[in-house]
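Novice: predicted model follows, preceded by the sequence.
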Amino acid sequence: MSFAAPVPSSVRVGIAGGTGYAGQELVRLLARHPGVSLTAAMSSGGETRRLPSLARIWDGDVQPLDLDSLARTSEVVFLGLPEAAAAGAGAALIERGLRVIDLSGAFRLRDDGLRKRWYPDTGMLPDGTLYALPERSRAALPAARLVSCPGCYPTAALLALQPLADAGLLAGDVIIDAKSGVSGAGKGATDRTHFSENHGSAAAYGIFSHRHTAEMEQALDCAITFVPHLVPLNRGILETIYTRVTPGTAAAAVGAALRAAYADSPFVRLWDDGLPEIKHVAYTPFCDIGWRIDEATSRLVIVVCLDNLLKGAASQAVQNFNLMCGLDERAGLL
Ligand SMILES: NC(=O)c1ccc[n+]([C@@H]2O[C@H](COP(=O)([O-])OP(=O)(O)OC[C@H]3O[C@@H](n4cnc5c(N)ncnc54)[C@H](OP(=O)(O)O)[C@@H]3O)[C@@H](O)[C@H]2O)c1
């Protein structure tokens, strides 16, 4: 593997949404990042707050969101905000000349009609917006001004499927059966996510109506049947993907396409033997991919796992930041 050498000076970084599930992971990672000076973490407003679980990792005060203050103190701002707040803050910070790394869906969809349907608070995409799965965007990231990070479910699906699509190996409907831990819904409890509703149960939701479907279809350029499920775990996503490969494809060809795609990718782990499990990726920045092929019928099943708050959100955003700034992709993560 070859990586760019770290640059010596620190980048001044601010975080909006620092009290959220993804935002707290950002604070934890960026406070210890060797190329970062964490200048501010902000939340929705009201009182100044501390983050008890991060004491001695980052002892700053979380301030109410103030874009002028962020613009004065930061060069790059990470947004861990709900979509509507991210849409406004992202555009405003770009106008002030900052660079932005957005974890929300606000800037993910290129098609104006789809964006209006799924993210109605977002206007036009600012110049310099880049939808960036780091493993596929290394060359483009240094020029990006607003980096739109993929969603947690799409990150897993695209890491598994895009190399196979590129190699021309996919030849059938794509069905993604996904399971997510409850932190995927953020820290606010709802009828679906509070403890006594979720504990001891599992439920499908969002069939034909989940906004991540549009994001995956945009990247893969094919129709996808996506069925997410909520399962009683704190964190982690497991997707079982069912499709077909072109007739005559040998099992080895699938492995070869994935190995070629990820030879220089420190955060993608391929399981030639065995299958990935959530417990192997929870609290890590890795995405694990395993697969099985029935050569006689050309059926392919892929199993892919990641931690929704890390590779599905905060650590992936830091990977994008590292690549954008010309740092070692692993800085602050491994
Ligand atoms: N959770 C995941 O697994 C995951 C994965 C990938 C992407 N994402 C995306 O990342 C973003 C954050 O997700 P999350 O799960 O971390 O959400 P969360 O736990 O609900 O946290 C949201 C954060 O945004 C702040 N906030 C809410 N409304 C605000 C407003 N109007 N102005 C300023 N700050 C505001 C909250 O501050 P307070 O504490 O003051 O309320 C909190 O810090 C979302 O867009 C989500 O779709 C999440």
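Specialist: Alright, I've got the coordinates. Numbering: from 1, shown residues only.
Novice: kindly export the helix-or-strand element of the chain with minimal mean pLDDT (C-alpha atoms) in PDB.
Specialist: In the chain, no helix or strand scores lower on mean pLDDT, DSSP states H and E than helix 195-198, which sits at a mean of 92. These are the backbone C-alpha positions of helix 195-198, laid out as PDB (Å, rounded to 0.1, in the frame of the first residue of the first chain):
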ATOM      1  CA  PHE A 195     -36.400   0.700  24.400                       C
ATOM      2  CA  SER A 196     -39.600  -1.200  25.000                       C
ATOM      3  CA  GLU A 197     -40.600  -1.000  21.400                       C
ATOM      4  CA  ASN A 198     -37.300  -2.200  20.000                       C
END
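Novice: please renumber the chain so that the first residue is 41 from this point on.
Specialist: Right, with 41 as the first residue, what we last looked at is helix 235-238.
Novice: mind checking what helix or strand follows that helix in sequence?
Specialist: Heading C-terminal from helix 235-238, the first helix or strand you meet, by DSSP states H and E, is strand 243-244.
Novice: quick one: list the elements packing against that following strand.
Specialist: Helices and strands touching strand 243-244, by 3 or more CB pairs under 8 Å, 6 or more residues apart in numbering; DSSP states H and E, are strand 264-270. Bear in mind the C-beta positions are built from the backbone N, C-alpha and C, glycine included.
Novice: what does the least confident helix or strand of the chain rub up against?
Specialist: Val222, Asp231, Arg232, Leu270, Pro272 (CB atoms under 8 Å, 6 or more residues apart in numbering).
Novice: ok, so of these, who is nearest Arg339?
Specialist: For the contacts of helix 235-238, the closest approach to Arg339 (CB to CB) belongs to Leu270, at 27.3 Å.
Novice: check the burial of that closest one by counting its neighbours.
Specialist: If you count neighbours by other CB atoms under 10 Å, Leu270 ends up with 22.
Novice: and whichever residue of the stretch 41-190 of the chain sits closest to the ligand, what does it touch?
Specialist: Residue nearest to the ligand within the stretch 41-190 of the chain (CB to the nearest ligand atom): Gly60, separated by 2.1 Å. By CB under 8 Å, 6+ apart, the contact set of Gly60 is Ser83, Gly120, Leu121, Gly226, Lys227.
Novice: so can I have TSV of those showing neighbour count, distance to the ligand and secondary structure?
Specialist: Compiled in TSV, the contacts of Gly60 are given as follows (neighbours: other CB atoms under 10 Å; distance: CB to the nearest ligand atom, whole Å; DSSP: H, G, I helix; E, B strand; the rest coil):
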residue	neighbour count	distance to the ligand	secondary structure
Ser83	22	3	strand
Gly120	31	4	coil
Leu121	26	5	coil
Gly226	16	3	coil
Lys227	12	4	coil
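Novice: show me where the stretch 141-290 of the chain has helices.
Specialist: All helices of the stretch 141-290 of the chain, identified by DSSP state H, counting those that start in this stretch, fall at 152-158, 192-206, 235-238, 251-260.
Novice: mean confidence for the first one?
Specialist: Along helix 152-158, the predicted confidence averages to a pLDDT of 98.
Novice: residues touching that helix, excluding its own?
Specialist: Residues contacting helix 152-158 (CB under 8 Å, 6+ apart): Gly145, Leu149, Thr162, Met164, Leu165, Arg251, Ala254, Gln258.
Novice: could I get those residues as JSON lines with pLDDT and distance to Val343?
Specialist: Below are the contacts of helix 152-158 laid out as JSON lines (pLDDT from 0 to 100; distance: CB to CB, whole Å):
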{"residue": "Gly145", "pLDDT": "98", "distance to Val343": "25"}
{"residue": "Leu149", "pLDDT": "98", "distance to Val343": "27"}
{"residue": "Thr162", "pLDDT": "98", "distance to Val343": "33"}
{"residue": "Met164", "pLDDT": "96", "distance to Val343": "38"}
{"residue": "Leu165", "pLDDT": "98", "distance to Val343": "34"}
{"residue": "Arg251", "pLDDT": "97", "distance to Val343": "24"}
{"residue": "Ala254", "pLDDT": "98", "distance to Val343": "24"}
{"residue": "Gln258", "pLDDT": "98", "distance to Val343": "24"}
